[in-house]
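Student: sharing a model prediction with you, sequence too.
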Amino acid sequence: MLSRFMTIPSEARWKFYTLRALAAVLLVLAAVMFVLRPNNFGIRSLSLLAILLSLWLVRRSSAYAWRALGRVETDLPATGSVGLLAWILAAASLAACGVSYFLMYRDALHGGKEAWPVYVFGVAALSLVVTVGNVVVRIFR
């Protein structure tokens with residue numbers, strides 16, 4: 001099956017294999033999260049979201065390959081650029097993830113009596129996944 005993708009140009013081949021590797025890493029992370037915490041609803045939800053995102057990345061990489069072969073026209077633009085707002089949102093969500101992790105760690109040091117730092121960290125991690133995923137998709141578009 002992969003032999004037909006070896007005839008595509010090197011730039012499209014690089015995008016194809018990079019997106020497939022990213023999807024594989026994301027799928028492994030989702031499996032590890034699900035195995036380590038199977039009874040946690042939030043972790044299961046994030047795992048399901050990561051699995052869906054990895055499947056979408058595989059679909060997108062196949063679209064690059066088929067477009068480079070000239071067999072199928074897709075809705076992908078020829079070049080993708082990441083806007084300043086996307087970078088700002090990614091950096092802000094990374095900062096929010098760091099701050100919320102610090103709050104969660106500080107609460108754990110004092111006995112872990114509060115639940116809200118965990119929820120804040122979950123929301124910050126979800127926003128980080130969405131914003132960085134958007135940046136990555138725009139870079140490889």
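Tutor: On my side now, so go ahead.

Student: from here on, just use CA atoms for contacts and neighbour counts.
Tutor: Will do.

Student: packing partners of the lengthiest helix in the chain?
Tutor: Of all segments of type helix in the chain, defined using DSSP state H, the longest is helix 41-69. With contacts defined as 3 or more CA pairs under 8 Å, 6 or more residues apart in numbering; DSSP states H and E, helix 41-69 has these neighbours: helix 10-36.

Student: give the buried residues for the helix it packs on.
Tutor: 12-13, 15-16, 19-20, 23-24, 26-28, 30-31, 33-34 (16 or more other CA atoms under 10 Å).

Student: Ala92: which of these is nearest?
Tutor: Ranked by distance to Ala92 (CA to CA), the buried residues of helix 10-36 are led by Leu26 at 22.0 Å.

Student: thought the closest one was touching Ala50?
Tutor: Yes. Between Leu26 and Ala50 there is a contact under CA atoms under 8 Å: 6.2 Å.

Student: one step back: list just the nearest of the buried residues of helix 10-36 to Tyr105.
Tutor: Of the buried residues of helix 10-36, the one sitting nearest to Tyr105 (CA to CA) turns out to be Met33, at 19.3 Å.

Student: spit out the contact partners of the closest one.
Tutor: Ile43, Arg44, Ser47 (CA atoms under 8 Å, 6 or more residues apart in numbering).

Student: for those, give me CSV that also has distance to Val58, pLDDT and neighbour count.
Tutor: Below are these laid out as CSV (distance: CA to CA, whole Å; pLDDT from 0 to 100; neighbours: other CA atoms under 10 Å):
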residue, distance to Val58, pLDDT, neighbour count
Ile43, 22, 81, 18
Arg44, 21, 83, 18
Ser47, 17, 84, 23
